[in-house]
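1. Next come a sequence and a model predicted from it.
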Amino acid sequence: MIPPYDTPQYRFFFAAEDGNAKQLQELLDSGMVDIDARDDYGATALSQAARQGKTDCVRILLQNGANPNIANTNDGWPPLIQAGYADDAESMKLLIKAGADLHACDNDAGWTALMWCACWGFREGIEVLVRAGARTEDKDKNGDTAEEIARQRGHKELFDGIETAAQIRARRNMNFRSYTRGRGPKK
């Protein structure tokens, strides 16, 4: 049976995918749509907007309470991986700010958004994820890290100069210790 595509819910999915922010907001305001509903392919409107690089629609959906952690049922890709697929660093930032799980994995290889960005050679996405705390030491189902995946795909220098989350924490702790050493009680 073919689902009825001329319904508010499907117009909502299509607006997100097409980047029609005005129609998307109108449908949300109408109260006739479920913001986290899945289409017949298992994707939410947020996932569709992220996959297509429709940052304005991602912003609207998140501002209206869309869940940033609902993965597609067919591949397990959450919106954060979808935004990385679209080389959309701005949507990635919005999703992270909304609480997207940096370490969510897909169903197939067990890849995180960081691993997918490494595969595609998306350095800006890698930088966004690492700054937000993505673990570079995480391994996929084959035991490979994001940096190893990048090298396998021919992106040998992709991680050069990128400070890992562990290195950032260590540097911040060192800076804090240096700052507090000279600030003991005054005599």
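-> That came through, no problem. Residues are numbered from 1 along each chain as shown.
2. ok, how many other residues are close to Gln9?
-> 17 (other C-beta atoms under 10 Å). For the C-beta atoms, the positions are set from N, CA and C on the backbone; glycine is no exception.
3. Distance of the spatially most central residue of the chain relative to Asn74?
-> Nearest to the mean C-alpha position of the chain, by C-alpha atoms, centre = their mean, lies Leu80 at 1.7 Å. As defined by C-beta to C-beta, to the nearest Å, Leu80 lies at a distance of 17 Å from Asn74.
4. Can you show me the helices along this structure?
-> 8-18, 21-30, 45-51, 55-63, 79-85, 89-97, 113-120, 123-132, 146-152, 165-181 (DSSP state H).
5. Distance to Ile70 and mean pLDDT for those - can I get that in JSON lines?
-> As requested, those are arranged in JSON lines below (distance: least, C-beta to C-beta, whole Å; pLDDT from 0 to 100):
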{"stretch": "helix 8-18", "distance to Ile70": "13", "mean pLDDT": "96"}
{"stretch": "helix 21-30", "distance to Ile70": "16", "mean pLDDT": "97"}
{"stretch": "helix 45-51", "distance to Ile70": "7", "mean pLDDT": "97"}
{"stretch": "helix 55-63", "distance to Ile70": "11", "mean pLDDT": "98"}
{"stretch": "helix 79-85", "distance to Ile70": "8", "mean pLDDT": "96"}
{"stretch": "helix 89-97", "distance to Ile70": "11", "mean pLDDT": "98"}
{"stretch": "helix 113-120", "distance to Ile70": "15", "mean pLDDT": "96"}
{"stretch": "helix 123-132", "distance to Ile70": "19", "mean pLDDT": "95"}
{"stretch": "helix 146-152", "distance to Ile70": "23", "mean pLDDT": "94"}
{"stretch": "helix 165-181", "distance to Ile70": "25", "mean pLDDT": "69"}
